[in-house]
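> kindly return the folded structure for what I paste below:
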Amino acid sequence: MAALILVVPSIALTPPAAALQRLAPSGPGFAVVENFLPGNAVASLKEDVAALRRESRFSVAGVGEASTKRVANDIRVCEQCFLFPRVKHGGGGHQGARTMLYSVLDELRVALQRSTGEPLDALLTEGLYAAYPSGGFYRRHIDSYANTPQALRKFSYLLYCNDQWQPADGGCLRIHTDGGGELAPAGAAPSFVDVQPRAGTLVLFRSDVPHEVLDTSASRLAMVGWFNAPPEGSSERRTLIAGLAAALVVGGGAKTLLGGGGK
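All right, here's what the predicted structure looks like:
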């Protein structure tokens, strides 16, 4: 099959300032930008996914931290393919698409840092493709847990790649706004925002915001990940970077440095 020709946008893809301001401490903590990625960019990401599948790079997604990750089909049904750290996962697939994607994410990280004042470490960006089959889901959870390496996660991001998505396809991202965390507060009335996973849509939210993927009735694809704060102290940063290097010698089942996920 001939490779898809990718035209990299000539200008940086940056969300509107009003969207980024929603991520500031005084904002609601999430933002949705429809039509963020143009159609040719979405098509290229799907070509990348198809190539990575041919290379057997996808695996069943688990839950929990990297060291204790387990498959839990009552919590999550999904397949994933890691794209970070770049030193390990930057090869294979559709290289034009990946070059574009890394560039877009770098620009997004810089824009978030500038808008929110949160320092974000470029070397610790995480990301993966999350592919949900018909019948897939991911129950309510958060992406950042105190007293774990995942506490470095400040912002979660999603880029959807579902052309011609219909409401009957299911798989909306539900962002919970009830003030709770992994669980809703006792006695709280349901409060949430559902985001349709349409191709080109960008979703950003603080990583401690609870969310879930509702049951799907069709295949659902997203590129998801996290922007991380710099570790405190140079020694901890060196330890994490050493972990990135160590990932190079781990087999194909290696996970991200801070743990898996997917939206």
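
> if I look at P197, how far off is V60?
From P197 across to V60, the span is 20 Å (CB to CB, to the nearest Å). The way it works is simple: take the backbone N, C-alpha and C, and place the C-beta from them, glycine included.

> and those two? which has more neighbours close in?
Legend: neighbour count by other CB atoms under 10 Å for P197 and V60, higher for P197 (24 against 11).

> R220 is in contact with that one, correct?
Yes. Applying CB atoms under 8 Å, one finds P197 in contact with R220, separated by 5.9 Å.

> can you list residues touching both of these two?
Each of 162, 171 lies in contact with both P197 and R220 under the rule CB atoms under 8 Å, 6 or more residues apart in numbering.

> where does the closest residue to D143 other than its chain neighbours land on pLDDT?
Closest residue in space to D143, ignoring its immediate chain neighbours: S207 at 4.1 Å, by CB to CB, 6 or more residues apart in numbering. Looking at S207, its pLDDT stands at 98.

> please name the residues that touch S207.
Residues in contact with S207, defined by CB under 8 Å, 6+ apart, are 142-144, 150, 153-156, 226.

> quick one: which of those is nearest S115?
When these are compared for distance to S115 (CB to CB), F155 wins out at 10.6 Å.

> could I get the full set of helices for the stretch 1-150 of the chain?
Using DSSP state H, counting those that start in this stretch, the helices of the stretch 1-150 of the chain run over 17-21, 39-54, 86-89, 95-116.

> lowest pLDDT pick from the contacts of S207?
Least confident of those in the model: Q150, at 90.

> pretty sure that residue is touching S144, no?
Yes. Contact criterion CB under 8 Å: Q150 and S144 qualify, at 5.4 Å.

> mind checking which helix or strand the residue nearest to the spatial centre of the chain is in?
For the chain, the residue sitting closest to the mean C-alpha position, by CA atoms, centre = their mean, is V224 at 1.7 Å. Here V224 sits within strand 220-228, counting by DSSP states H and E.
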